[in-house]
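Quick one, structure for this:
(3 chains)
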Amino acid sequence: MLEKVADQARRTAGAATGRTVGPEIDVSGVAEGVTHGHAIKGAGTVFDLDGLTVSYAGKPAVKDVSMGIHEKEITALIGPSGCGKSTLIRCLNRMNDLIPSASVEGRCLYHGHNLYGPDVDPVEVRKRIGMVFQKPNPFPKSIFDNVAFGPRVLGLPDVKERVERALRSAALWDEVKDRLDENAYGMSGGQQQRLCIARCIAVDPDVILMDEPCSALDPISTGRIEDLMLELKQQYSIVIVTHNMQQAARVSNRTAFLIVELDAEEESRWGQLVEYDETDKIFTNPSDSRTEDYVTGKVG
Amino acid sequence: MTAFIGKTATGDIGTGTVTYDTIFAVGALLFVMTLAMNALAIRLVRRFREVYE
Amino acid sequence: MSPRLPGSERTRLATAGAQAAVAESLRAQPRGDKARGTLFFAVLLLAVGIALLGLAAVIIQSAIKGAPSFGTHLITDGPSTIFPEKAGFRPAIIGTLYLIGGVILFVVPIGVGAAVYLEEYANSERWWNRVIDLNIQNLAAVPSIIYGILGLAFIVRGPLDLGFIALAGALTLSLLVLPTVIIAAREAIRAVPPSIREGSLALGATRWQTISRQILPASIPGIATGVILALSRAIGEAAPLLLVGAATFVTFDPQPLSGGYSAMPVQIFNYALRPQDEFKVVAAAGVILILIVLLAMNSFAIWLRNRYEQRW
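Got it, this is the predicted structure:
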């Protein structure tokens, strides 16, 4: 009990100063399906969202999201389809810029800097905040060229070493080290996705965003990628969108739950953040009844 | 029309004569005709496409 | 002996009757419908047959007529008005080669550049981009002689005033095939899935890096195929060249930037117009020559497409 209070205080202090405060605390979750050992490391926030609203052609897709995403943690966004999880995550590396009709209101701070400020170059943003997509999208090149593409276009040195390091970090090196020249399309789906992760890591990002990375994969590949995520979070901050809440429970430190709100008159719908808290709390003792309904499977 | 242009242009004609100018006149007419036919074709294609999709 | 329940006999009869009805319905087909289907199929076969027959007629007739004139002298000798046995296509072949070279030089950078702009940078919602779209499609269907007029007015005379030289012919032909190349290049670029673009941009590559290092390399097979097919059309065009001064009788080897020139289709035209029958033979031989070149180019284009085609 005291432990929890101290932890809370530490985190609040950390959030205020924006720096990591205090040692790690082991909080063991005890509910079914939830693994223990999610360490709450420090409280430095990578992203600070405040009243973030994203609209497509004037129609809001997700409204008024306020949350802080913490460093070197895995933050999961869960919720039913249409609740704007993908839209939200794409805000974080300005991928929504690619959609002409998209507009963003509210604040999105990255290490304290406004990500959508007038003098911010989206290209620079994406160098630091990488993304892995739902369907693995390797380039039509060799395995080596796929991973080397990032370092090459960014002008980073030691391309070969970077490629090897990235492939090792993605737990792919042993499988492909003898066939780096082969076309990436010859790999299985799970391998392709790990290749995309390696490609992302090769440019040394600060944050890795993953938009439903396992939904196109079989359970074994999914398991391997989840293990990979747990390893990667030691070095990178990870935000993952998943429609599989057990996955969120397995890997994430914190979870944000969004739902779809309906406006019966205008027949419009948008996403809304309901609850954002440590994963254990979301799954064992959620504050909002809607969260409880979702995680217990009462509503889809 | 095409044959007329071909035959006239390869013959001996001066630059400023009426014959020279008629080549361009016939050419312009041909161009307008094909343009009209194309526009019609595109419109037809678009209409049929809408029926299916 | 199974006990007979009342009505079981009726049930058995009913079942048998139902089965027979089903079998009958599966077998039956309105006779008129089938006949119409067969007739339609026959008409379709006839259409294909006529098309192929027309093509075969051209090839076979030319082959038979031109056979006596076949020999290396076709390629090595210049034309002559007096000796049909010695009449060749040499200046025409060289002229055609220069024209092809010129067309490739102009059409590839301009066509690919325009396609990249239209696909990657232009906002397709704006009205003027849709007008450009429409115009390119129209230009692709404009009769080739109009390009000849264009060349005559603006390239040979008019502002550029190049005179009747091979370069002018190349420019004219380039304008002729440019819309086709732009359309083909756009299709090739469009075929690259958005996921590749997104993947590249998400790594922090700029738009230009994405285009030059991912999209263009991936669309090269499609673009190359389009260029080759456009070229094979350009080779066979006589009408615009006639207007632009591919003089029908050139005895010397043409130079690209000076003097007169000739081209294969024009030379064939010239030989075919001669009153003597022997020259018509030479013309037919020229047709075969051109057909061989066209067949080779088209086959190469198809091989290229099949070999390097990207299956997404």
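
make it CA atoms for all contacts and neighbour counts henceforth
OK.

got the buried residues for the single longest helix found in chain B?
Longest among the helix segments of chain B by residue count, using DSSP state H, is helix B:18-52. Using 16 or more other C-alpha atoms under 10 Å in any protein chain shown as the test for burial, helix B:18-52 gives B:20, B:23-24, B:26-27, B:30-31, B:34-35, B:38.

Any residue of it touching chain C?
Yes. If you take C-alpha under 8 Å from any C-alpha of the partner chain as the test, helix B:18-52 does meet chain C, through B:23-24, B:27, B:30-31, B:34-35, B:38-39.

Quick test: name the residue nearest the centre of chain C.
Residue closest to the average C-alpha location in chain C (C-alpha atoms, centre = their mean): residue C:229, at 4.3 Å.

helices and strands around the helix or strand hosting it, which ones?
Taking DSSP states H and E as the definition, one finds residue C:229 inside helix C:216-235. For helix C:216-235, the helices and strands in contact under the criterion 3 or more C-alpha pairs under 8 Å, 6 or more residues apart in numbering or on different chains; DSSP states H and E are helix C:90-116, helix C:166-190, helix C:277-308.

helices or strands up against the longest helix of chain B?
Using 3+ C-alpha pairs under 8 Å, 6+ apart: helix B:18-52 touches helix B:2-10, helix C:127-140, helix C:144-150.

Nearest to chain A, out of those helices?
helix C:127-140 (15.9 Å; C-alpha to the nearest C-alpha).

Save the residues of helix B:18-52 next to chain C as a markdown table, and put in pLDDT too.
Formatted as a markdown table, those follow (pLDDT from 0 to 100):
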| residue | pLDDT |
| --- | --- |
| B:23 | 80 |
| B:24 | 82 |
| B:27 | 84 |
| B:30 | 87 |
| B:31 | 86 |
| B:34 | 86 |
| B:35 | 85 |
| B:38 | 84 |
| B:39 | 83 |
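
Could you identify the most distant pair in those residues?
B:23 and B:39 (24.2 Å; C-alpha to C-alpha).

What segments of the stretch 101-250 of chain A are helices?
A:122-128, A:143-154, A:159-169, A:173-176, A:189-201, A:219-232, A:245-251 (DSSP state H, counting those that start in this stretch).

Buried deepest among the ones you listed, which one?
Of the helices of the stretch 101-250 of chain A, the one with the most neighbours on average (mean count of other C-alpha atoms under 10 Å in any protein chain shown) is helix A:189-201, at a mean of 26.

what about chain A, any weak spots by pLDDT?
Low-confidence segments of chain A, defined by pLDDT under 70, are located at A:1-43, A:266, A:300.

hmm, try it at 50
A:1-42 (pLDDT under 50).

what residue lies at the spatial centre of it?
Residue closest to the average C-alpha location in chain A (C-alpha atoms, centre = their mean): residue A:239, at 1.5 Å.

What residues are bridge-paired with that one?
Following DSSP bridges, residue A:239 is listed with bridge partners residue A:75, residue A:209.

Tell me who's in contact with it.
Applying C-alpha atoms under 8 Å, 6 or more residues apart in numbering or on different chains to residue A:239 gives the contacts A:74-77, A:89, A:207-210.

Can I get those residues in JSON lines including neighbour count and distance to residue C:133?
Below are the contacts of residue A:239 laid out as JSON lines (neighbours: other C-alpha atoms under 10 Å in any protein chain shown; distance: C-alpha to C-alpha, whole Å):
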{"residue": "A:74", "neighbour count": "28", "distance to residue C:133": "47"}
{"residue": "A:75", "neighbour count": "27", "distance to residue C:133": "46"}
{"residue": "A:76", "neighbour count": "29", "distance to residue C:133": "44"}
{"residue": "A:77", "neighbour count": "27", "distance to residue C:133": "42"}
{"residue": "A:89", "neighbour count": "20", "distance to residue C:133": "35"}
{"residue": "A:207", "neighbour count": "27", "distance to residue C:133": "41"}
{"residue": "A:208", "neighbour count": "25", "distance to residue C:133": "40"}
{"residue": "A:209", "neighbour count": "25", "distance to residue C:133": "38"}
{"residue": "A:210", "neighbour count": "23", "distance to residue C:133": "38"}
